[in-house]
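*Asks:* After the sequence you'll find the predicted model.
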Amino acid sequence: MKICIIGTSHASCLYPAWQKINDNHPDTSISFFFAGGGYFGKFEADATHNTLKINDDVIRERFIQLSGGNGDIDLKNFDACVIVGGFFYLSIGRMAALGDEANILYSQQVKKLAVVDLFSLIHAKGLVSKIRDVSDIPIFLIHDPFQTQKPGQAPKTVEDSFEHYDYEKGVALLNQAALLPLGARLLLQPSETIKTPYFSKQAFALGKRRATQAELDAGHVGEFVEDNHHLNVAYGELRMNKLVAEVQKLQPDTRPHL
Amino acid sequence: MENPYVKLPGKAFWRSAVADKHYLEIEELWAPKFPILKPEKIATFGSCFAQHFGSALRHRGFNWHDGEPAPESLSPPNIKAFNYQQFSCRTANIYTTSLLNQWVSWALNISKPPEIFWEADGRIYDPFRPRIEPNGFESIDEMLQSRKVTVEALGRVIRTTDIFVFTLGLTESWFDVDGGFEYPMCPGTAGGVFDERNHKFVAQGYAFVEKNLRTVVSLLREANPNIKILLTVSPVPLTATNSGKHVLVATSASKSILRAVAETMATDYTCIDYFPSYEIINSPVFKGAFFKPNQRQVEQRGVNFVMQSFFAGLGLKTEELPEKEVKTPPKPSEDQAQTLADIACEEEILASFATIKDSK
């Protein structure tokens, strides 16, 4: 099976993880195309060649470094596509609140429309559309992982934490209402990595990393920053092992014509 | 000794207030009985025209009481399609004082709504809100739950709002004889099936309208002793009449009754005021200028003039009230914002039952 992973910085822990574990999956090859920030808008859909072209030289070079070729993503070469990150505006909590059966404020019809409307705002949605413009390849999505908890950090209120809403039901609603009709599916974050639906376990925190030039330019003091939004390679290994199994299992049922 | 007329202000005299002015310059139409302050919660209910009030209040930065908010992420087109933000709760149109009495009684747990439903094409519809969801509900339970949510929301609004605005719309009504309750629309028009035996037409007279409104006021004040009430009469003529009279004549009778009741109530209660939407649109002085070509629906500039008069009565010039960015969910790239003139009116459905007759 050939998988293409297109992602934001949240894919950066998956790449070294895959290097570590890929021997465990001899029948699977994965090509990575990821860069920092919300750059999905720079993809151009080339329907003639079933290809996504990136209109950014720096990102193109990055793609070439990761997966060779000329930086174009020829979807004919893959059996499934995975989008990592790009859920900047999607509140997982809001999605969970809509999907939870205990939420009796709205009809099912309203909940579905609300989650479709919610999905229409997220960065990844644009990329899903562009992929569909050129290919009917099954698409899997991995949302930005739950952040890890800084010392003293707590949700503002119980409602903000969404702890009492069912994360899995929220994902199920998003899939049913917005994604499966497009031949796409959002995958759950592996439960082993979750502390609450709001936070990931500390063991998977990326922790300290080198500050980017942008952060230094913005006045950050110091060469390193504490990063509780990105997760580490240990998470990446768990994620990639599950991902291969999930894609293998779900790929036949994740097609736009179904 | 001078007679009292000497001391009256200019607005008390037809010549100075009306005849000597261009109709768009007629002013001081309303002097509020009580202040309406921006932080105060203002709830709006009633007939189709009431939707303009809520919309204008929201857009002008007043604290319009949204007692049953839509999901945060629901887009503006879906907010409208599913009848959120039309009234302070999703009661749909409340055309008569008796229907308002019914809703208020449910909301304050004085009586319970009957668990009746309509079914069509496998979907379930609420007879008291037949168009609240465009395609009905998935199940009877879901419909009843939705109605319960609205009833409870109405109860909360009644108990916590500062100003309750009600637009009186109709005197023609339909009742269920067996159940003793009122429908917002004749069964068989917006949904359901008409049953000649059980569905009774009532052309409400002055006494009936007044009695129901007095009951409502009593219930509201018991639940919320500080509540203030603003009444207005919808200027929109009847779409259709079952009275046997010409619709123009029936409209006059209906609006006269409603206007008289509103006047009585505003006179009898210090907590009740009347705002003259009806006069502004319908007075011959305004030459019918605010009606669309069908001489029934109100043009946007008519709505604007009504609301301009409303805000002017509060001492606020239009230029002092910049259009406020209403807090709505972030919009998708296609901007389909709700317009002020775009209201949902179930009563309009009656027009579709008209047949074209030869006219002499």
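*Replies:* Sure thing, it's come through. It should be emphasised that the depicted structure is a prediction, and the values quoted were computed from it without experimental measurement.
*Asks:* Poorly predicted segments of chain B, please.
*Replies:* Counting by pLDDT under 70, chain B has low-confidence residues at B:318-344, B:355-360.
*Asks:* Those residues of it touching chain A, which are they?
*Replies:* Contacts of chain B with chain A, taken as C-beta under 8 Å from any C-beta of the partner chain, map to B:70-75, B:78, B:82, B:133, B:135, B:137-138, B:142, B:145-146, B:149, B:329-330, B:332. Just so you know, the C-beta spots here come from the backbone N, C-alpha and C atoms, and that holds for glycine as well.
*Asks:* Report how many residues lie close to residue B:208.
*Replies:* 18 (other C-beta atoms under 10 Å in any protein chain shown).
*Asks:* Tell me if I am right that it is in a strand.
*Replies:* No - counting by DSSP: H, G, I helix; E, B strand; the rest coil, residue B:208 is not part of a strand but helix.
*Asks:* The closest residue to chain A within the stretch 151-300 of chain B: which element?
*Replies:* Scanning the stretch 151-300 of chain B for the residue nearest chain A gives residue B:153, at 9.1 Å (criterion: C-beta to the nearest C-beta). Residue B:153 belongs to helix B:140-160 when assigned by DSSP states H and E.
*Asks:* now for that helix, which elements pack on it?
*Replies:* helix B:97-107, strand B:123-125, helix B:206-223 (3 or more C-beta pairs under 8 Å, 6 or more residues apart in numbering or on different chains; DSSP states H and E).
*Asks:* Can you tell me which of these is most buried?
*Replies:* helix B:97-107 (a mean of 24; mean count of other C-beta atoms under 10 Å in any protein chain shown).
*Asks:* Next SSE downstream of that helix?
*Replies:* strand B:118-120.
*Asks:* Please enumerate the strands of the stretch 101-250 of chain A.
*Replies:* For the stretch 101-250 of chain A, strands defined by DSSP state E, counting those that start in this stretch occupy the ranges A:139-142, A:184-187, A:205-210, A:224-231.
*Asks:* pLDDT weak spots in chain A?
*Replies:* If you take pLDDT under 70 as the line, chain A has these spans: A:88-90, A:154-164, A:257-258.
*Asks:* For residue B:178, which non-adjacent residue is closest in space?
*Replies:* Excluding the flanking residues, the one nearest residue B:178 by C-beta to C-beta, 6 or more residues apart in numbering or on different chains is residue B:198, at 5.5 Å.
*Asks:* Go ahead and confirm the one you found touches residue B:175.
*Replies:* No - counting by C-beta atoms under 8 Å, residue B:198 stays clear of residue B:175, with 9.2 Å between them.
*Asks:* the more surrounded of those two?
*Replies:* residue B:175 (16 against 12).
*Asks:* quick check, that one in a strand?
*Replies:* Yes - under three-state DSSP, residue B:175 falls within a strand.
*Asks:* ok now do it, which residues does it touch?
*Replies:* The neighbourhood of residue B:175, defined by C-beta atoms under 8 Å, 6 or more residues apart in numbering or on different chains, consists of B:181, B:182, B:183, B:199, B:200, B:202.
*Asks:* can you tell me which of the residues you listed are in helices?
*Replies:* Among those, none falls in helices (DSSP state H).
*Asks:* among these, which ones are buried?
*Replies:* Buried members of the contacts of residue B:175, scored by 16 or more other C-beta atoms under 10 Å in any protein chain shown, are B:181, B:182, B:183, B:199.
*Asks:* Next up, the contacts around the first one.
*Replies:* I take that to be residue B:181. B:102, B:113, B:114, B:175.
*Asks:* give me phi/psi at it?
*Replies:* Here is the backbone geometry of residue B:181 (degrees, to the nearest 10): phi -110, psi 170.
*Asks:* Quick one: the helices in the stretch 51-200 of chain A, in order.
*Replies:* For the stretch 51-200 of chain A, the helices defined by DSSP state H, counting those that start in this stretch occupy A:57-67, A:92-99, A:108-120, A:123-134, A:158-161, A:167-174.
*Asks:* which strands and helices sit next to the longest one?
*Replies:* Contacting helix A:108-120 under the criterion 3+ C-beta pairs under 8 Å, 6+ apart are the following elements: helix A:92-99, helix A:167-174, helix B:76-81.
*Asks:* which parts of the stretch 51-200 of chain A sit against chain B?
*Replies:* So the stretch 51-200 of chain A meets chain B at A:89, A:91, A:94, A:98, A:104-111, A:113-115, A:117-118, A:120-121 (C-beta under 8 Å from any C-beta).
*Asks:* Can you turn the buried subset of these into a selection I can paste into ChimeraX?
*Replies:* The following ChimeraX line selects those of these that are buried, judged by 16+ other C-beta under 10 Å:
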select /A:89,91,94,98,105,106,107,109,110,111,113,114,115,117,118,120,121
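*Asks:* Mind putting the helices and strands packed on helix B:140-160 into a markdown table with distance to residue B:246?
*Replies:* A markdown table is the format used below for the helices and strands packed on helix B:140-160 (distance: least, C-beta to C-beta, whole Å):
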| stretch | distance to residue B:246 |
| --- | --- |
| helix B:97-107 | 24 |
| strand B:123-125 | 32 |
| helix B:206-223 | 21 |
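*Asks:* Tell me which of the ones you listed sits nearest to residue A:125.
*Replies:* strand B:123-125 (29.1 Å; C-beta to C-beta).
*Asks:* ranges for the strands of the stretch 251-360 of chain B?
*Replies:* B:272-274.
*Asks:* and residue A:39, what does it touch?
*Replies:* Applying C-beta under 8 Å, 6+ apart, the residues contacting residue A:39 are A:8, A:54, A:56, A:59.
*Asks:* separation between it and residue A:187?
*Replies:* Computed as C-beta to C-beta, to the nearest Å, the residue A:39 to residue A:187 distance reads 22 Å.
*Asks:* Which of the buried ones among the contacts of residue B:175 sits closest to residue A:249?
*Replies:* With C-beta to C-beta as the yardstick, the closest approach to residue A:249 among these comes from residue B:183, at 52.2 Å.
*Asks:* what's the distance between the residue nearest to that closest one when sequence neighbours are not counted and residue B:352?
*Replies:* In space, and not counting its chain neighbours, residue B:183 is closest to residue B:174: 4.8 Å by C-beta to C-beta, 6+ apart. Remark: distance between residue B:174 and residue B:352 (C-beta to C-beta) = 17 Å.
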